[in-house]
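1. Sharing a model prediction with you, sequence too.
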Amino acid sequence: MPAAEISASVGRAGVNHPPDVLLVQQVLLARGQTHLVAATGVCDANTIAAIVAFQAAFMRTPDGKIDPGGTTWRHLSSAFTGSSTQAPAPTDTAAGSVTRPVPLPAPNIINQGLVSPGNAFMLQKLGHPLTAQNYSSLCQTPTNPKLRRNLVLDTVGPFRVTGLLPAVLSLKAVMRDIAAAHADIHTALGSAGMLCCRLQRGSSSAISNHSFGTAIDLTLNGELDTYGDGKVQYGLTLIAPIFNRHGWYWGAAFGKEDGMHFEGGKALIETWAADLR
Ligand SMILES: [Zn+2]
């Protein structure tokens, strides 16, 4: 059973009692939702975005709202009580193992021929997502008019994302290939966020590539890969080659392992930037 309970609904059009909002935010943060950086007790747009991203792992049409005793609350509360009985059901017998941590694949077999685009390159190609350049650790919506014109909210495989149009289209192609090669993993995939204008985790100056809507964080059966432990969820090792084939760089190879993270590689950014209207 959950160790705590919310007294009323939280999220979009919810009652949003501050102690309930705080509890929900704390659990979402514990699950590493990238939309959310601090638990404030105030239900803002980032909180709703984090709820929607969390729901996308198991709901066809996320509503951004959590009801006491409802499906979303059961999934969420199982995360912090460690109860396995309330965890999202595995999609099939093999799916239970897709989240198990395994050692990183050898460096010479991942991201072959791909380069992670750094800040200077991204800014040169796409401009500052926030025209005021007031980045913080919190998610903000882009203010750059050209970037805004080229954003799209669309269904990608089993979830919905907001991102840069050519990146979302590419992601659809990646997901089609994943569905064909690994149907069970495709079903288990969810998004913990794509577009989010913020600094990189742990940096006071470097901008995350999520700021441009060209990177995505993935969940498997609603679970995030543990950041920086040098291991990755087994399922990620099966889909990474497909992302790589489409020109997406896998964050597992970053200095601090970020296995949930995939981003358009340097060559893709070049193409995508040329495609913008
Ligand atoms: Zn990421």
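-> In hand now; what should we look at?
2. use CA for all of it now, contacts and neighbours both
-> OK.
3. I'd like to know which residues of the protein are adjacent to the ion.
-> 217, 261 (CA under 5 Å from the ion).
4. For the chain, give the residue positioned nearest to the ion.
-> His261 (4.2 Å; CA to the ion).
5. Mind listing residues that contact the longest helix seen in the chain?
-> Determined from DSSP state H, the single longest helix within the chain is helix 165-181. Contacts to helix 165-181, defined as CA atoms under 8 Å, 6 or more residues apart in numbering, come from residues 150-152, 154, 156-157, 161-162, 185-187, 213-214, 239, 242-243, 246, 264, 272, 275.
6. Can you list the buried residues in it?
-> Going by neighbour count (16 or more other CA atoms under 10 Å), the buried part of helix 165-181 is 165-179.
7. Downstream of it, the next helix or strand is which one?
-> Using DSSP states H and E, the helix or strand that follows helix 165-181 in sequence is helix 183-188.
8. Give me the buried stretch members for that following helix, please.
-> 184-188.
9. between those, which is closest to Ile109?
-> Within these, proximity to Ile109 (CA to CA) peaks at Ile185, which comes in at 20.6 Å.
10. Next one: the closest one, what pLDDT does it get?
-> Taken from the predicted model, the pLDDT recorded for Ile185 is 96.
11. wait, doesn't it sit right on Gln233?
-> No. Between Ile185 and Gln233 there is no contact under CA atoms under 8 Å: 11.3 Å.
12. Overlap of the contact sets of these two?
-> Contacts common to Ile185 and Gln233, judged by CA under 8 Å, 6+ apart, are Val98.
13. how about the closest residue to Ile110 other than its chain neighbours, secondary structure?
-> In this structure, Ile110 finds its nearest non-sequential neighbour in Pro241, 7.0 Å apart by CA to CA, 6 or more residues apart in numbering. With DSSP: H, G, I helix; E, B strand; the rest coil as the basis, Pro241 sits in helix.
14. can you check Glu270 too?
-> helix.
15. Excluding chain neighbours, what is closest to it?
-> Glu270 sits nearest to Lys125 (CA to CA, 6+ apart), 7.0 Å away.
16. What does the closest residue to Gln140 other than its chain neighbours show for phi and psi?
-> Using CA to CA, 6+ apart and skipping residues adjacent in sequence, the residue nearest Gln140 is Cys197, 4.9 Å away. The phi and psi values for Cys197, taken as degrees, to the nearest 10, are phi -80, psi 110.
17. Cys197 - how many residues pack around it?
-> 28 (other CA atoms under 10 Å).
18. Let's see the pLDDT reported for it.
-> 98.
19. contacting residues for it?
-> Cys197 neighbours (CA under 8 Å, 6+ apart): 129-130, 135, 138-142, 207-208, 210-212.
20. go again using 10 Å as the cut-off
-> 35, 128-130, 133-143, 207-213 (CA atoms under 10 Å, 6 or more residues apart in numbering).
21. go on, Ala215?
-> 163-164, 167-168, 171, 193-196, 208-209, 248-251, 261-265.
22. that's a strand at Val161, yeah?
-> Yes. Under three-state DSSP, Val161 sits within a strand.
23. For it, list each beta-bridge partner.
-> Here Val161 sits in beta bridges with Asp154, as judged by DSSP bridges.
24. That one reaches Met194, doesn't it?
-> Yes. Assessed by CA atoms under 10 Å, Val161 is found in contact with Met194 at 6.3 Å.
25. higher neighbour count, these two?
-> Met194 (28 against 24).
26. That one is in contact with Thr141, isn't it?
-> No. Contact criterion CA under 10 Å: Met194 and Thr141 do not qualify, at 11.7 Å.
27. what touches both of the two?
-> 211-212.
28. ok, the spatially closest residue to Gln112 that is not a sequence neighbour - how many residues close by?
-> Excluding its sequence neighbours, the residue lying closest to Gln112 (CA to CA, 6+ apart) is Asn244, at 7.5 Å. Neighbours of Asn244 under the rule other CA under 10 Å: 21.
29. what's the spacing between Asn244 and Ser136?
-> For Asn244, the distance to Ser136 equals 30 Å [CA to CA, to the nearest Å].
30. Ok, Tyr234 next?
-> 32 Å.
31. swap in Gly11?
-> 23 Å.
32. Among those two, which residue is more densely surrounded?
-> Gly11 (25 against 16).
33. May I have the predicted confidence score for Asn46?
-> 86.
34. low-scoring pLDDT stretches of the stretch 51-200 of the chain, where are they?
-> 78-96 (pLDDT under 70).
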